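*Asks:* after the sequence you'll find the predicted model.
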Amino acid sequence: MFSVGRASFFRKTPDIKGISRTGKLIAPDDGNSTRNGRSILPPTDRTVNDRYVTFGGIDFEGNMEAVLTHLHRYIDDPAFANPFWDRFRQRLAVATEAERPVADRLLLMHAHVYYMAELFEDNDDAGALAALRRLEEECF
């Protein structure tokens, strides 16, 4: 309805959860937002860095180096040589020399995570898989 007498031309909507009377969507209060600049998150005992909360405290370089150390044991070994990993080494060298080496190396590793996981699984390398899992959970 239009309310001409009050110079208001907004159509009113019925009270529906998540929609204001003027039809704008309202974000539900899920307890994970802030009010007046203060966090209303409950205190937590989490010791794991959570990238969905903050990137602070996440060691991107350390996590990448841990995985790359394991990876280089295989891809630098002539027994594992193949054109795929040769190309990966070339692209890694280019990413390392790039303007933003952390972001570029991280993107390259993200794009190849399944291939790295397969290589580590095929060789029963639990340490490498643990390092890769940590990189995935904290950085990707």
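*Replies:* Received the coordinates, thanks.
*Asks:* so how many other residues sit close to residue 75?
*Replies:* The burial metric for residue 75, expressed as a neighbour count using other Cβ atoms under 10 Å, is 18. C-beta: built from backbone N, CA, C; applies to glycine.
*Asks:* hey, which helix is longest across this structure?
*Replies:* The helix that spans the most residues within the chain, counting by DSSP state H, is helix 60-75.
*Asks:* which residues does it contact?
*Replies:* Where contact means Cβ atoms under 8 Å, 6 or more residues apart in numbering, the residues beyond helix 60-75 that reach it are 80-81, 85, 88-89, 92, 102, 105-106, 109, 116, 119-120, 123, 125, 127-128, 131-132, 134-135, 138-139.
*Asks:* buried residues in it?
*Replies:* For helix 60-75, a neighbour-count test (16 or more other Cβ atoms under 10 Å) marks 60, 63-64, 66-68, 70-71, 74-75 as buried.
*Asks:* so residue 88 sits right up against residue 109, yeah?
*Replies:* No. Counting by Cβ atoms under 8 Å, no contact exists between residue 88 and residue 109, whose distance comes to 9.5 Å.
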